[in-house]
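In: when you get a sec, could you give me coordinates for this:
(chains A and B)
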2 protein chains.
Amino acid sequence: MSRDELSVDVAIVGAGTAGLSALREVRRRTESFVLVNDPPYGTTCARVGCMPSKALIAAANAMHTRARLGEFGIRGGQALEADIPAALRRVRALRDHFVAGVLEATDDLGERNIAGRARLEGPDRLVVGGRVIRARQVILAPGSSPIVPEEWRAFGDRVLTTDTLFEQEDLPRRIGVVGLGAIGVEVAQALARLGLDVQGFEGAPHVAGIADEGIAAAMRDWLCEEFPVHLDAQVDLREADGDLEIRWRGRSVVVDKVVVAVGRRPNIAGLGLETLGVPLDERGMPEVDATTMRIGETQVLLAGDANGRRPLLHEAADDGHIAGINATSDEPVRLARRTLLGIVFCDPEVATVGQRPEELEPHEFLRGEVDFASQGRARTMQENRGRLHVYAAPTDGRLLGAEIAAPAAEHMAHLLALAVSQRLTVHDLLRMPTYHPTLEEGLRTALRAIARHLPPCSISDLAECGSLGAEALE
Amino acid sequence: MSRDELSVDVAIVGAGTAGLSALREVRRRTESFVLVNDPPYGTTCARVGCMPSKALIAAANAMHTRARLGEFGIRGGQALEADIPAALRRVRALRDHFVAGVLEATDDLGERNIAGRARLEGPDRLVVGGRVIRARQVILAPGSSPIVPEEWRAFGDRVLTTDTLFEQEDLPRRIGVVGLGAIGVEVAQALARLGLDVQGFEGAPHVAGIADEGIAAAMRDWLCEEFPVHLDAQVDLREADGDLEIRWRGRSVVVDKVVVAVGRRPNIAGLGLETLGVPLDERGMPEVDATTMRIGETQVLLAGDANGRRPLLHEAADDGHIAGINATSDEPVRLARRTLLGIVFCDPEVATVGQRPEELEPHEFLRGEVDFASQGRARTMQENRGRLHVYAAPTDGRLLGAEIAAPAAEHMAHLLALAVSQRLTVHDLLRMPTYHPTLEEGLRTALRAIARHLPPCSISDLAECGSLGAEALE
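Out: Numbers count the residues shown, from 1 in each chain, chains lettered A, B, ... in the order given. Predicted structure coming up:
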């Protein structure tokens, strides 16, 4: 061996969510492995993603309560003031706590934990620094990074991403948020609620990745009540006396900093995928079997955000789990993927479940809708901004999917995800108890709208006693 | 006919939730009916129950946000002040809106809508004032009323119930709440959060009807952080210089008013049930078939709170629905009742789903638990007070029930109610997507605790492709 060389059963590249999930499965079956990670350690989720953003949003939503205090008969709300440095300190304290929890997973690895950037030299050979690792199986889980247009890097720390936002000791008053997908909407609304002057820009015609025209338009209007939202806006940045000028469609606004949230890119540059001898697409991405995570017929698996499939934590965890099992099994273990579930933690919350109507032909689905403007519970809470669409098969009423922008959308989305994953029908859902007064009664309104277009199957939503599986539950 | 006499197919007594639900079914099948209601009109739910209480709770919870503002980095929370008269005015305005909605259901009935107190004189004969109504079928849905110990009535308007609480223009500072079941806990916590000095009393050892010792104890401690809670407390009231003295176990406290929330009693006194020729129990209650709502073999049906079965709105609505169908069908239509679901809208919310462990033998169930104290999403929201227990069959992991005191319990309870009603297993639930970071991840923790004690059924929570009903969902 010409260089320092190591042979293992499995090499895992990346100690993020997918890599650690793979590690858990690999360790169950072999002690012969290494975990290679290019610092920092700590998952995207804990360091710069889900957790710090949710901590910031919780503070922002608490601050936003003041918008409703007067109506509730509570005085003094106008005097509330966010201490941005204190709010950011809390975010970092929580982040450090969550990161510490993640680091425990690799605490005991010793020499099997290798810090460095890994590069493939063929399907069984990794190079890390001066070191060569020969592995019977390689699990690649190098994650993703925020996209920043190259020409904007010149603006230094006036251009932020989620990698740097939560590191700020303070924030200036005028903030542009470029990109209003899931991350951008969450950040823009949170900063606006904390009292900053936010301007939001999105190149697409819709916010928060919402597909339905009506829901997207409603959501845009609701966001516009809190900060200016510019859609279909291709944005240019330029220096303006030490500030940044954002220019779009002949208009412009001057801000102190810009948060760029135009998406994340798989960290595959320099990874050596071209040495695997498999076709790569124009982005340099190989084909991956989502039921095994394997790249073609190779001994290499690609898991997590890096494969560009579904950049969601629970999918990354599943990717790693599947890759870990397959890297340590003689035969392929093909595992079914979960029903699609996406949630954006803005207010109202946005959620997508299962199939989207644009994936279906018009005759393939019925749509039930509800508007929460006049929904009972929503009114008692003064949280009336909400729309929910649910989709079902016209033949048997099987739930296909849903799109929601509503209070508690994250919870109704889980209910619907269970229904879709279990292939339940509209009638099955109408047979469950719906408590009063709840937002789930709004969901029931939408389900009943579909039921009216299905072949009548019974005199009642309730099952007749003696019918399949039904009992008098006393 | 000696008196003004009317003959109809169906007479409905009571225009509350059950009566109106029955009316809907009856009108589908006959125009020959009357609805007799002893004023006021408007359901218990809309007038004095679910809706005004939820409106008050929303204001109280908004006020309570101040407890977390400092931690979030928001200044000025200590200056917030509830304007009790304004808060109560808002509650009444919302209540009037909801009551108006209910009244629309009887707007067009004309002479078929009879105001008055009905009394049975045998199974086919009702007397209302001087009027006799002969009906082929009678649906009784007279509702329930708050229980107030007779000797406390002498204290006049210093003793309130939910019938009178929301009518108050203002509230004095010192409030005793006697009875900490569902209604009492909601009211006591809401008034405490709005800044009143609340003392809570409960005769039983547990609050909010919680069965599990551990959850009940935790809930008691959480409530005690907000107001004094006295359990196992049999309470006496007496006059004290114009105020009220509450005495229990040798202790005493002086308050300005007392809210009595010790339960509700079916409105069956004077209804003439003794004229039906069926056995009555010691409370004067006949046996009712919950699948048809019929009293014995009579032509009389008893629906809603008045039958003392499950005094919940959605059950009352089902009662009326079933009664309405059966009052207009030649043959009995036996309908299965829904999975039990109970929710208390305190904070953290309390919920019960399906079977309770005390209804089961110890070998008949496995228990999975989670404590939300260190749960990720709960931490980001600073809402760490929560416990969840879920119960499943040890043989096949079928979900049996759950008891919860946690943030968003109302939503997780609906998810679990769907699972129980569909006879799903722990494995079925572990196969659904669980988004990150959500409180549903806490539920998953509890489910996994059960799965570890079930026969292993697979290498993974995920289904293997090609297995029953599983597909690669790409």
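In: my guess is A:I268 meets A:P142, correct?
Out: Yes. The criterion here is CB atoms under 8 Å, and A:I268 meets it with A:P142 at 6.9 Å. C-beta coordinates here come from the backbone N, C-alpha and C atoms, glycine included.
In: with neighbour numbers in mind, choose between those two.
Out: A:P142 (27 against 22; other CB atoms under 10 Å in any protein chain shown).
In: for A:T44, give me its contacts.
Out: A:16-17, A:143-144, A:305 (CB atoms under 8 Å, 6 or more residues apart in numbering or on different chains).
In: let's see it at 10 Å
Out: The contact partners of A:T44, taken as CB atoms under 10 Å, 6 or more residues apart in numbering or on different chains, are A:16-18, A:50-51, A:143-146, A:162-163, A:264, A:304-305, A:311, A:313, A:316.
In: now swap in A:S458 and tell me
Out: A:S458 neighbours (CB under 10 Å, 6+ apart): A:427, A:430-431, A:464, A:467, B:333, B:335.
In: if we go to 8 Å?
Out: Here A:S458 is in contact with A:427, A:464 (CB under 8 Å, 6+ apart).
In: would you double-check that it falls in a strand?
Out: No. Counting by DSSP: H, G, I helix; E, B strand; the rest coil, one finds A:S458 to be coil, located in no strand.
In: tell me the confidence at it?
Out: You'll see A:S458 listed with a pLDDT of 77.
In: and what of A:V344?
Out: pLDDT at A:V344 comes out at 98.
In: my guess is it contacts A:G184, does it?
Out: No. Here A:V344 does not reach A:G184: they are 9.7 Å apart, not a contact under CB under 8 Å.
In: next, show the common contact partners of A:I268 and A:P142.
Out: A:A306.
In: gap between the two ends of stretch A:254-262?
Out: Start-to-end span of stretch A:254-262 (CA to CA, to the nearest Å) is 20 Å.
In: got the contact list for that stretch?
Out: Taking CB under 8 Å, 6+ apart as the rule, stretch A:254-262 contacts A:146-149, A:152, A:155, A:157-162, A:165, A:171-181, A:183-184, A:187-188, A:191, A:197, A:199, A:203, A:237, A:240, A:243-246.
In: quick one, what contacts the residue nearest the centre of chain A?
Out: Nearest residue to the geometric centre of chain A (CA atoms, centre = their mean): A:L312, 4.4 Å. Contact analysis of A:L312 by CB under 8 Å, 6+ apart lists A:341-342, B:435-436.
In: swap the cut-off to 6 Å and go again
Out: The contact partners of A:L312, by CB atoms under 6 Å, 6 or more residues apart in numbering or on different chains, come to none.
In: cool, A:N267 as well?
Out: Counted by CB under 6 Å, 6+ apart, A:N267 has contacts A:142-145, A:306.
In: what does the stretch 301-450 of chain A put close to chain B?
Out: A:313-314, A:334-339, A:341, A:343, A:380-381, A:410-411, A:414-415, A:417-418, A:421, A:432-438, A:440 (CB under 6 Å from any CB of the partner chain).
In: filter these down to the ones in helices?
Out: A:313-314, A:380-381, A:410-411, A:414-415, A:417-418, A:421, A:440 (DSSP state H).
In: quick one: secondary structure of the one residue in the stretch 151-300 of chain A that gets nearest to chain B?
Out: Per CB to the nearest CB, the residue of the stretch 151-300 of chain A with the smallest distance to chain B is A:T291, at 4.7 Å. Of the three states, A:T291 takes coil under three-state DSSP.
In: thinking it is in contact with B:A463, fair?
Out: No. With contacts counted by CB atoms under 6 Å, A:T291 stays clear of B:A463, the gap being 10.4 Å.
In: which stretches in the stretch 151-300 of chain A count as helices?
Out: For the stretch 151-300 of chain A, helices defined by DSSP state H, counting those that start in this stretch occupy the ranges A:162-165, A:182-193, A:213-224.
In: cool, and the stretch 1-150 of chain A?
Out: Using DSSP H, counting those that start in this stretch, helices in the stretch 1-150 of chain A cover A:17-27, A:44-48, A:50-64, A:66-72, A:84-103.
In: of the ones you listed, which approaches B:V36 most closely?
Out: Shortest distance between B:V36 and the helices of the stretch 1-150 of chain A, using CB to CB, is found for helix A:66-72: 38.6 Å.
In: list the buried residues for that closest one?
Out: A:66, A:68-69, A:72 (16 or more other CB atoms under 10 Å in any protein chain shown).
In: same question, stretch A:131-149
Out: A:131-133, A:135, A:137-146, A:148.
In: in strands only, show me those.
Out: Among these, the ones falling in strands (DSSP state E) are A:131-133, A:135, A:137-140, A:144-146.
In: if we go by neighbour counts, what in the helix or strand encompassing A:L400 is buried?
Out: In this structure, A:L400 is located in strand A:399-406 according to DSSP states H and E. Neighbour-count burial for strand A:399-406 flags A:399-406 (criterion: 16+ other CB under 10 Å).
In: and what of stretch A:68-87?
Out: Neighbour counts over stretch A:68-87 (16+ other CB under 10 Å) mark A:68-69, A:72-74, A:76-77, A:80, A:82-84, A:86-87 as buried.
In: now do the contacts for A:A316.
Out: A:17-18, A:304.
In: neighbour count and pLDDT added to the residues you listed, as a markdown table?
Out: As requested, these are exported to a markdown table (neighbours: other CB atoms under 10 Å in any protein chain shown; pLDDT from 0 to 100):
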| residue | neighbour count | pLDDT |
| --- | --- | --- |
| A:T17 | 30 | 98 |
| A:A18 | 36 | 98 |
| A:G304 | 36 | 98 |
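In: list just the nearest of those to chain B.
Out: A:T17 (8.7 Å).
In: and for that closest one, nearest residue in space, chain neighbours not counted?
Out: A:A316 (4.4 Å; CB to CB, 6 or more residues apart in numbering or on different chains).
In: rewinding a little: which of the buried residues of helix A:66-72 come close to chain B?
Out: A:68-69, A:72.
In: nearest to chain B among those?
Out: A:F72 (3.8 Å).
In: surely that closest one touches B:N61?
Out: No. Contact criterion CB under 6 Å: A:F72 and B:N61 do not qualify, at 9.2 Å.
In: mind listing the shared neighbours of those two?
Out: Counting by CB under 6 Å, 6+ apart, nothing touches both A:F72 and B:N61.
In: neighbours around the nearest residue to A:R68 once chain neighbours are set aside, how many?
Out: Excluding the flanking residues, the one nearest A:R68 by CB to CB, 6+ apart is A:Q382, at 4.7 Å. Using other CB under 10 Å, A:Q382 has 18 neighbouring residues.
In: and if you look at A:R27?
Out: When neighbours are counted by other CB under 10 Å, A:R27 comes out with 16.
In: please tell me how far it sits from A:D108.
Out: Using CB to CB, to the nearest Å, A:R27 is found at 10 Å from A:D108.
In: how many residues are close by A:M285?
Out: Counted with other CB under 10 Å, A:M285 comes out at 18.
In: per-residue pLDDT of it, please?
Out: 97.
In: how close does the residue lying closest to it once chain neighbours are set aside get to A:E315?
Out: Leaving aside its chain neighbours, A:M285 sits nearest to A:G308 (6.0 Å; criterion: CB to CB, 6+ apart). Per CB to CB, A:G308 is found 11 Å from A:E315.
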